[in-house]
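> Predicted model, plus sequence, below.
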Amino acid sequence: MNRTPLYSEHINLRGKIVDFAGWELPVLYSSIIEEHTACRTAAALFDVSHMGEISVKGRDAAKFLRGMIPTSLDRLEPGRCMYSCLCGEHGGVLDDLFVYMITAEDFMLVVNAATIDKDLRWLTSHRSGDVDIENLSDTISKIDIQGPYSKQILMQVFPGSGVDELERFSFRIGEYASRPIIISHTGYTGEPGYELYLHNECAVRLWREFLSKGKDFGLLPAGLGARDTLRLEACYSLYGHELSDAVTPAEAGISWVVNSKDEFIGRDVLLEQKKSGARKKTVALEVTGKGIPRENCAVMKNGNVVGATTSGGYSPTFKKGIALARIDADEAEIGDEVEIVIRDKSVKAKVVKRPFYTYQGL
């Protein structure tokens, strides 16, 4: 089992440790609802050092990435990042990721923990030209601070750095404890916030400093449980749930990432689905009856199974059950009534506009 450099910090904070993709990580410290609410109303601190970081460098790095992702690289410039994915020849999502442009010839890909090795094999097998691919995951820790007061707390730790001027999806490379650090105005919660990438040896110091200087702002450490409820309310995809190599971007509800004019893997399938639609689509469901949906609950309409939930749970913000579901594309529209089968009992639900919770930043 793997442990992040912050494992002992989680134990000292009495975090409840669980196995997540082969990593021992805290699912909660106090309660999921308390940590979720802290992120929505004040600030929350997350250890996501299990995520993978892959360096793609070289004279042909940009050309190489243009052929690997369906999202236009023209959207980037040094100091900017964007969400995208790796797709197979048949359009399925091999992984979703963030692309950071350090320079015109230096990129960092941030990938999911469980897919690091798969992504490396895929990238390496398609490498051509002057491109160097390196797995940096074992040397980099990632700490996220999210919530309405995240900027104020960040400036307590990095005064005068100018990071408070960062636009969304922008980042700066600075210094912390005499080592480089990337501070990115991004997140996975629906709140304004920042993701920080730094050397493992500096992680404990930064974690403690955030908790100390964020205390007066209501900052709490938060585990995987709150991270999941926050991203579900914001309708952000989770690989292995909304996304997989058997699900295309159109089916997952992220067809907007397919906007490149370059020749990329899976291009014909992805462009055709974006133009004509896919057989499946992902919708947001709000439970109107009594029950809390989880993943893999059947979704029914007029007595027929039309799909299944991909994620589900209790929404601390809206005080009700919510879910994402992949259903037959022509079976339900916003406002339609459906049923979710929860523990062999049909519970009423309604198709609603995504997301449940809109991004609160600028």
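Structure received.
> Which residue comes closest to Asp95 once chain neighbours are left out?
Thr115 (4.4 Å; C-beta to C-beta, 6 or more residues apart in numbering). Bear in mind the C-beta positions are built from the backbone N, C-alpha and C, glycine included.
> Assign the closest residue to Arg59 other than its chain neighbours to helix, strand or coil.
Distance criterion C-beta to C-beta, 6+ apart; nearest residue to Arg59, sequence neighbours excluded, is Asp130 at 4.1 Å. Three-state assignment for Asp130 (DSSP: H, G, I helix; E, B strand; the rest coil): coil.
> Touching, Asp130 and Lys57? I think so.
No: using C-beta atoms under 8 Å, Asp130 is not in contact with Lys57; the gap is 9.0 Å.
> Give me the more crowded residue out of these two.
Neighbour count, other C-beta atoms under 10 Å: between Asp130 and Lys57, Lys57 has more, with 17 against 13.
> For the more buried one, which residues are in contact?
105-107, 131-132, 134 (C-beta atoms under 8 Å, 6 or more residues apart in numbering).
> does it have beta-bridge partners, and which?
Asp106, Asp132 (DSSP bridges).
> I'd like the distance between it and Leu270.
Counting by C-beta to C-beta, to the nearest Å, the separation of Lys57 from Leu270 is 27 Å.
> got it, and Lys215?
Relative to Leu270, and taking C-beta to C-beta, Lys215 is found at 47 Å.
> where does the residue nearest to Asp95 land in three-state SS?
Classified using three-state DSSP, Thr115 is helix.
> What about it, how many residues nearby?
Residues near Thr115, counting by other C-beta under 10 Å: 20.
> next one: the one 5 residues further on
Counted with other C-beta under 10 Å, the neighbours of Leu120 add up to 18.
> Could I get the pLDDT score of Leu362?
At Leu362, the model reports a pLDDT of 69.
> before we move on, back to that, would you enumerate the residues in contact with the residue nearest to Asp95?
52, 94-95, 239.
> for the helix or strand where Val283 lies, packing partners?
Using DSSP states H and E, the element containing Val283 is strand 280-287. Counting contacts by 3 or more C-beta pairs under 8 Å, 6 or more residues apart in numbering; DSSP states H and E, strand 280-287 packs against helix 249-252, strand 304-315, strand 320-328, strand 337-342, strand 345-352.
> That one to strand 345-352, inter-axis angle?
110 degrees (axes from the mean of the first three to the mean of the last three C-alpha atoms, to 10 degrees).
> the inter-axis angle of strand 280-287 versus strand 320-328?
Between the axes of strand 280-287 and strand 320-328, defined by the same axes, to 10 degrees, the angle is 160 degrees.
> now what about strand 280-287, what contacts it?
235, 242, 247, 250-253, 293, 299, 307, 309-310, 312, 318, 320-329, 332, 338, 340, 347-356.
> How far off centre is that strand?
19 Å (C-alpha atoms, centre = their mean, to the nearest Å).
> following it, which helix or strand shows up next?
strand 298-301.
> what mean pLDDT does that next one have?
Computed over strand 298-301, the average pLDDT equals 97.
> do stretch 224-236 as well
Stretch 224-236 carries an average pLDDT of 98.
> three-state assignment of Ile11?
helix.
> Report the contact partners of it.
Counting by C-beta under 8 Å, 6+ apart, Ile11 touches Ile17.
> hmm, 10 Å instead?
The contact partners of Ile11, by C-beta atoms under 10 Å, 6 or more residues apart in numbering, come to 3, 17, 24, 26.
> Check whether the spatially closest residue to Ser55 that is not a sequence neighbour sits in a helix, strand or coil.
Nearest residue to Ser55, sequence neighbours excluded (C-beta to C-beta, 6+ apart): Glu134, at 4.4 Å. Classification of Glu134 by three-state DSSP places it in strand.
> Glu209: neighbour count?
16.
> hmm, who's touching the one helix or strand it maps to?
Element membership for Glu209 (DSSP H and E) is helix 203-214. For helix 203-214, the surrounding residues in contact (C-beta under 10 Å, 6+ apart) are 4-6, 8-10, 12-13, 42-45, 47, 49, 140-143, 145, 147, 149-150, 152-158, 176-177, 181, 196, 198, 219-221.
> list the buried ones in it?
Going by neighbour count (16 or more other C-beta atoms under 10 Å), the buried part of helix 203-214 is 203, 206-207, 209-211, 213-214.
> What are the phi and psi values at Ser30?
Per-residue torsions, Ser30: phi -110, psi -70 (degrees, to the nearest 10).
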